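Colleague: Pasting a predicted model and its sequence here:
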Amino acid sequence: MNYDAYIGRQQIYDRNLDVFAYELLYRSRDGTSADVQDGNRATSQVILSALSDFGLDGLVGKKPAFINFTRWFLVNHTKIELPADRVVIELLEDITLDDEILLGAQLLSARGFKLALDDFIFDERADEKMNDILRLVNYVKVELEPDDDAKRLKQKIEPLRKFNVKILAEKVETREQYQACYDLGADLFQGYYFSKPEVLRQHTIPSNQAALMRLLNELARPDSEIEDLVRIVQQDVSLTLRLMRYLNSAFLGLPRKTESLREAIVYLGFNHVRSMALLLSSTKVSNKQESLLRLSLSRSKMCENLVDERERGLRDRCFMVGMLSTLDLIMPDPLPKIIKSLPISDSLTSAVLRHEGQEGANLAAVLAYENSDWDALRSMNHSPETITKIYLQSLKWAEEATMIFKEDDKKKVGTIELKK
């Protein structure tokens, strides 16, 4: 089963034909299709890929990233954490301009985001809301049709000149179209004449939907605390990995590497965790990797449970080491390569890869148990009876962590889940 993440990327050029920005585009899980059945899910997948699967720096460098927003995202944008100085938000052409959308756009602009209108055609007879949005946005994308001649292009572009916007000619497919738009003063250009969208691929892990539902419920509570979040996020390998990758984003500018999931959540804050969980909850996943995910959780919990409950910091690090040690079972990359891509400390790296320190010793004991190496366990001063008890406790915890919610439980997060 393929769980890889795919994303399309197409260059946007300025009048000097230098790359000005990139548009990030949804691609299906087979990497070949751009067919969008659910706009919210497509936008979620693009944002997830940009923030945690690939990273903005890996996708666009220091250039702006144009990302399509559906109506839901425009109205509920405060639930999604994005770097305003790195992202241009595109208002899709099928969004009805009403007071709710205008307010959402105004608030996004106030947050520092630049806005673009997609596939826009100016209509002199339109109501004042069209003029209001044109006075607010920074870019207007004018879509070219195959039969557009110079006269038709002039009719599309000239009326926009009275607004303080940059005009982006998109779907430019011939030299003649480019020259005509250039002569009419278009500022930016995009289309097959310059480059086709490039499809990029990254390995990923399906998420534990049950844990995400629990997390969204917890985040909806006004008295939610860090300990509550850590307890639930630990149940989702995918969310943990994505938070760690997100933590590694250059635009966050975080001061040092982390040693535990608790530290990562403290660094990121509740809003970033909520944003990532909300995006993940809208994506479709299969349960075919459930056994591997359960193994990851039970191994992590075993590593933690080998430590006295009073040593919270060590328990946190041991849990993280256990989880990290399973990533090569779930993903096709070798473990050293995966570990190198994450912002974890040298001590955790050595524990995972070389079984050094107390965290590494606990991992070695758990691996010995999984392989029924009783002699090795005795040499580590672990009795088979004691570690078997810990294993059964950890397995029960892992099974409960992956248990799917009942429909009544799902309704509890209805106020914050993405809807079509």
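Modeller: That came through, no problem. Residues are numbered from 1 along each chain as shown.

Colleague: From now on I want contacts and neighbour counts done on CA atoms only, so please keep to that.
Modeller: Noted.

Colleague: Tell me the helix or strand right after the helix or strand hosting E23.
Modeller: Per DSSP states H and E, E23 falls inside strand 19-26. Toward the C-terminus, strand 19-26 is succeeded by helix 39-48 as the next helix or strand (DSSP H and E).

Colleague: Quick one: list the elements packing against that next one.
Modeller: Identification of packing neighbours for helix 39-48 by 3 or more C-alpha pairs under 8 Å, 6 or more residues apart in numbering; DSSP states H and E yields strand 19-26, strand 65-69, helix 270-281.

Colleague: Sketch out the low-pLDDT regions of the stretch 1-150 of the chain for me.
Modeller: 1-3, 29-37, 78, 122-127 (pLDDT under 70).

Colleague: what are the ranges of the helices in it?
Modeller: 39-48, 56-60, 71-75, 99-110, 128-136, 150-157 (DSSP state H, counting those that start in this stretch).

Colleague: So what touches the longest one?
Modeller: Pointing back at helix 99-110 there. For helix 99-110, the external contacting residues (C-alpha atoms under 8 Å, 6 or more residues apart in numbering) are 71, 74-77, 114-115, 129, 132-133, 136.

Colleague: show me the residues around I387 that make contact.
Modeller: So I387 contacts Y369 (C-alpha under 8 Å, 6+ apart).

Colleague: what comes up buried for stretch 169-176?
Modeller: For stretch 169-176, burial by neighbour count (16 or more other C-alpha atoms under 10 Å) applies to 169-173.

Colleague: next one: stretch 9-18
Modeller: Applying 16+ other C-alpha under 10 Å to stretch 9-18 flags 9-14 as buried.

Colleague: cool, and stretch 65-81?
Modeller: 65-75, 77, 79-80.

Colleague: ok, of the buried residues of stretch 169-176, which one's closest to I265?
Modeller: Proximity of the buried residues of stretch 169-176 to I265 (C-alpha to C-alpha) peaks at E170, which lies at 40.3 Å.

Colleague: beta partners of that closest one?
Modeller: Note on E170: beta-bridge partners by DSSP bridges are E143, Q190.

Colleague: Which strands and helices lie in contact with the strand holding E23?
Modeller: Against strand 19-26 (3+ C-alpha pairs under 8 Å, 6+ apart) you get strand 5-14, helix 39-48, strand 65-69.

Colleague: Distance to F270 added to those, as TSV?
Modeller: Shown next, in TSV, are those (distance: least, C-alpha to C-alpha, whole Å):
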stretch	distance to F270
strand 5-14	25
helix 39-48	17
strand 65-69	23
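
Colleague: Figure out which of the ones you listed is closest to M276.
Modeller: Closest to M276 of those is helix 39-48 (C-alpha to C-alpha; 7.4 Å).

Colleague: Pull out the buried positions in the host helix or strand of G322.
Modeller: Per DSSP H and E, G322 falls inside helix 312-324. Using 16+ other C-alpha under 10 Å as the test for burial, helix 312-324 gives 314-324.

Colleague: Spatially central residue for the chain, please.
Modeller: The centre of the chain sits closest to L48, judged by C-alpha atoms, centre = their mean, with a distance of 1.7 Å.

Colleague: residue contacts, the residue nearest to that one when sequence neighbours are not counted?
Modeller: The shortest distance from L48 to any non-neighbouring residue, by C-alpha to C-alpha, 6 or more residues apart in numbering, is to L279 (6.7 Å). Shown in contact with L279 (C-alpha under 8 Å, 6+ apart): 44-45, 47-48.

Colleague: and of those, the nearest to L247?
Modeller: L48 (13.2 Å).

Colleague: Contact partners for that closest one?
Modeller: Contacts of L48 (C-alpha under 8 Å, 6+ apart): 276, 279-280.

Colleague: Format those residues as a markdown table; extra columns: pLDDT.
Modeller: Listed next are the contacts of L48 as a markdown table, based on pLDDT from 0 to 100:
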| residue | pLDDT |
| --- | --- |
| M276 | 80 |
| L279 | 80 |
| L280 | 77 |
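
Colleague: Could you take those and lay them out as CSV, with extra columns for distance to F194?
Modeller: Shown next, in CSV, are the contacts of L48 (distance: C-alpha to C-alpha, whole Å):
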residue, distance to F194
M276, 34
L279, 32
L280, 34
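
Colleague: Go through the helix or strand encompassing I387 and flag the buried ones.
Modeller: Following DSSP H and E, one finds I387 within helix 384-401. Under the neighbour-count criterion of 16+ other C-alpha under 10 Å, helix 384-401 has 384, 387, 390-391, 394-395, 397-399, 401 buried.

Colleague: ok, the residues you listed vs Q190, which is closest?
Modeller: Closest to Q190, out of all of the buried residues of helix 384-401 and judged by C-alpha to C-alpha, is A401, at 46.3 Å.

Colleague: right, and that closest one touches V237 too?
Modeller: No - using C-alpha atoms under 8 Å, A401 makes no contact with V237, being 11.0 Å away.

Colleague: any idea of the pLDDT on the residue nearest to V230 when sequence neighbours are not counted?
Modeller: Computed as C-alpha to C-alpha, 6+ apart, the closest residue to V230 that is not its neighbour in sequence is R262, at 5.9 Å. Per-residue confidence for R262 comes out at a pLDDT of 85.
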